[in-house]
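J.: Turn this into a structure:
(one chain, ligands or ions: 1)
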Amino acid sequence: MESRQARIGIVGMGYVGLPLALLFSEERFRVTGFDVDQKKVQTLNDGGSYIVRILPEAIQQAQKAGFRATADYAEIAQMDAVIICVPTPLNEYSEPDLSYVSGTIRSLAPYVHEGQLIVLESTTYPGTTEEIMVPLLESGNPLGLKVARGAEESGLHVVFSPEREDPGNETVARHDIPKVVGGCGAAGAYLAAAMYGAIFRRIVRVSSPAVAEMTKLLENIYRCVNIALVNELKQLCMRMGVDIHEVIDAAKTKPFGFQAFYPGPGLGGHCIPIDPFYLSWKAKQFDFRTRFIELAGEVNTGMPYFVLEQSASGLNDHRKSINGSKVLVLGLAYKRDIDDLRESPSLTILELLRKRGADVAYNDPYFASVGRGRHYDLDMTNTPLSKIGEFDAVVIVTDHSDYDYKAIVAQSKLVIDTRNATKGIESPNILRC
Ligand SMILES: NC(=O)c1ccc[n+]([C@@H]2O[C@H](COP(=O)([O-])OP(=O)(O)OC[C@H]3O[C@@H](n4cnc5c(N)ncnc54)[C@H](O)[C@@H]3O)[C@@H](O)[C@H]2O)c1
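T.: Here you go, the predicted model:
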């Protein structure tokens with residue numbers, strides 16, 4: 001690791017795996033990216049990118065350091081370390097879907113070798129590494145290799161190390177985010193700490209993979225529960241005629257014991273709406289109900305419906321019904337300035353408005369079109385902002401910084417602002433909710 005001779009394979013060239021591959025390349029490691037998506041492999045090998053905030057130049061720079069992509073798992077045999085960053089979604093019953101993780105382990109197990117380091121970064125419930133990854137690796141490799149449990153160097157070194165990226169957050173440099181590492185054995189944890197130490201300033205070693213798995217869930221449950229809290233208090237404040245944003249701004253001046261969370265139109269992204277349910281599912285095995293998670297889920301899931309009600313009420317004030325109104329949703333991404341629409345509340349809001357008879361459209365500089373997803377089937381293309389005056393209502397769901405909110409308010413008949421994006425703009429046509 002220190003001499004940069006170690007070859008690193010990263011499985012899953014998505015929002016987590018690709019930036020990680022670039023970080024290791026910047027540190028002069030020779031990195032191979034594995035992905036089942038041939039189109040992604042081709043794009044990367046052509047020096048291109050499919051993630052807006054990653055420029056093709058960054059891929060080309062990494063290529064100079066030896067980066068390439070492949071769909072061929074046989075190349076795992078040439079790697080000294082393998083880091084797995086594949087999706088961990090929920091199925092239609094909100095239960096963990098570990099098929100990507102188990103599929104990956106089954107595919108790579110035939111090619112593992114003695115002394116290899118294998119790290120899982122995908123977010124999951126405590127026990128996944130020991131209960132799913134280890135048995136599949138041990139039963140699937142033809143050499144009969146076992147997972148190393150102590151400080152000995154022989155066997156396979158298996159580690160869990162959660163990803164902590166916050167897409168679009170420019171305030172913390174990636175290498176300043178401490179990296180948590182929990183190994184099945186001390187040697188694995190040591191190797192993983194050496195590897196990640198090349199790109200992260202601080203490594204936090206914990207005693208087991210389960211502790212590392214639970215650490216990530218605690219972080220995300222903490223966010224989920226606190227967002228639900230402010231979402232609920234927002235609704236109360238609206239009835240009381242109190243501005244929740246002014247309250248939060250005042251509360252966060254307290255130098256201890258308070259962290260600001262902000263209300264919004266509902267949760268989005270691959271983490272906060274999903275990860276807590278990995279734990280509540282696992283908790284059932286222990287006859288335990290995670291009530292905070294369930295309550296937070298209930299409040300947060302209800303937020304797009306709240307936005308729908310508020311839109312109806314705003315239109316009502318203009319003597320209009322949702323049915324037949326033209327409504328423009330601003331922002332498809334689940335949060336500002338990113339090109340990721342997974343679990344985005346915008347999608348639910350568009351569908352709810354459409355079901356109630358609205359003639360819906362969207363604008364988002366990051367998406368030229370939106371088709372069919374797991375939970376939606378919109379089949380729409382981006383509407384230019386120049387047409388904003390044609391709509392009966394404009395619902396701000398994602399507060400991208402590129403938007404000129406003054407101009408948007410000036411040109412709109414009615415603005416439903418779910419993000420406090422119009423803060424400081426005076427107009428009788430704004431409904432903040
Ligand atoms: N996106 C984030 O901000 C973020 C932050 C922290 C943690 N995470 C976690 O990281 C993990 C990955 O998330 P992501 O956002 O990068 O997902 P993603 O969907 O962007 O990327 C996953 C990639 O894995 C590939 N893939 C799927 N199955 C594969 C297989 N069997 N072999 C090889 N490649 C395969 C997919 O084609 C895709 O390119 C998830 O567990 C997620 O919860 C994500």
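J.: List phi and psi for the nearest residue to residue 161 once chain neighbours are set aside.
T.: Leaving aside its sequence neighbours, residue 161 sits nearest to residue 181 (C-beta to C-beta, 6 or more residues apart in numbering; 4.7 Å). (Each C-beta comes from the backbone N, C-alpha and C, glycine too.) Phi and psi for residue 181, reported as degrees, to the nearest 10, are phi -140, psi 130.
J.: Now for the nearest residue to residue 414 once chain neighbours are set aside: which residues touch it?
T.: Of all residues not flanking residue 414 in the chain, residue 393 sits nearest, at 4.4 Å (C-beta to C-beta, 6+ apart). Contacts for residue 393 (C-beta atoms under 8 Å, 6 or more residues apart in numbering) come out as 311, 314-315, 318, 320, 325-328, 412-416.
J.: wait, isn't the residue nearest to residue 161 in contact with residue 191?
T.: No. The criterion here is C-beta atoms under 8 Å, and residue 181 misses it with residue 191 at 9.6 Å.
J.: list residues touching both of those two?
T.: residue 159.
J.: circling back to that earlier point, please report how far the residue nearest to residue 414 lies from residue 316.
T.: 11 Å (C-beta to C-beta, to the nearest Å).
J.: Of all residues in the stretch 1-150 of the chain, which one is closest to the ligand?
T.: Closest to the ligand within the stretch 1-150 of the chain is residue 14: 1.7 Å, counting by C-beta to the nearest ligand atom.
J.: what pLDDT does that residue get?
T.: Per-residue confidence (pLDDT) for residue 14: 96.
J.: any idea how far the residue lying closest to it once chain neighbours are set aside is from residue 334?
T.: What sits nearest to residue 14 in space, not counting adjacent residues and going by C-beta to C-beta, 6+ apart, is residue 85, at 6.6 Å. Shown here: residue 85 relative to residue 334, a distance of 19 Å by C-beta to C-beta.
J.: Need the phi and psi values for the closest residue to residue 429 other than its chain neighbours.
T.: Closest residue in space to residue 429, ignoring its immediate chain neighbours: residue 414 at 5.3 Å, by C-beta to C-beta, 6+ apart. Residue 414 adopts backbone torsions of phi -150, psi 130, taken as degrees, to the nearest 10.
J.: list the contacts for residue 414?
T.: The contact partners of residue 414, taken as C-beta under 8 Å, 6+ apart, are 314, 315, 317, 318, 392, 393, 394, 429, 431.
J.: Please repeat the previous calculation with a cut-off of 7 Å.
T.: Neighbouring residues of residue 414 by C-beta atoms under 7 Å, 6 or more residues apart in numbering: 314, 315, 318, 392, 393, 429, 431.
J.: rewinding a little: separation between the residue nearest to residue 414 and residue 361?
T.: Residue 393 is 11 Å from residue 361, by C-beta to C-beta.
J.: So what touches stretch 11-20?
T.: Residues contacting stretch 11-20 (C-beta under 7 Å, 6+ apart): 10, 21, 33-35, 40, 44, 51, 54, 69, 82-86, 104, 108, 121, 163, 165, 167, 340.
J.: Now the terminal residues of that stretch, how far apart.
T.: Counting by C-alpha to C-alpha, to the nearest Å, you get 11 Å between the two ends of stretch 11-20.
J.: if we can go back for a sec, could you list which of the contacts of residue 393 belong to strands?
T.: Mapping the contacts of residue 393 onto strands (DSSP state E) picks out 326, 327, 328, 415, 416.
J.: Could you give the number of residues near residue 354?
T.: For residue 354, the neighbour count with other C-beta atoms under 10 Å is 16.
J.: ok, now residue 326?
T.: Neighbours around residue 326, by other C-beta under 10 Å: 16.
J.: Kindly report the residues of this protein close to the ligand.
T.: Within the chain, the residues that sit near the ligand (C-beta under 6 Å from any ligand atom) are 11-17, 34-37, 40, 85-88, 100, 103-104, 107, 122-123, 163, 165, 167, 270-271.
J.: buried sites along the helix or strand containing residue 225?
T.: Assigning secondary structure by DSSP states H and E places residue 225 in helix 209-240. Applying a neighbour-count criterion of 16 or more other C-beta atoms under 10 Å, one finds 209-210, 212-217, 219-221, 223-225, 227-228, 230-235, 237-238 buried in helix 209-240.
J.: thinking again about what came up before, just put the contacts of residue 414 in TSV and tack on pLDDT.
T.: Shown next, in TSV, are those (pLDDT from 0 to 100):
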residue	pLDDT
314	97
315	98
318	96
392	98
393	98
429	96
431	97
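J.: Now for those residues: which two are most distant?
T.: By the measure C-beta to C-beta, 392 and 431 form the most distant pair in the contacts of residue 414, at 12.7 Å.
J.: For the residue nearest to residue 161, give me its contacts.
T.: 159, 161, 189, 192, 193, 196, 203, 204, 205, 212.
J.: Specify the beta-bridge partners of the residue nearest to residue 414.
T.: Beta-bridge partners for residue 393, by DSSP bridges, are residue 327.
J.: Which strand or helix spans the most centrally placed residue in the chain?
T.: Closest residue to the average C-alpha location of the chain: residue 270 at 3.4 Å, with C-alpha atoms, centre = their mean. For residue 270, there is no host helix or strand (DSSP H and E).
J.: Quick check: phi and psi on the closest residue to residue 402 other than its chain neighbours?
T.: Leaving out its chain neighbours, the residue that sits closest to residue 402 by C-beta to C-beta, 6+ apart is residue 365, at 5.7 Å. When read as degrees, to the nearest 10, the backbone of residue 365 gives phi -60, psi -20.
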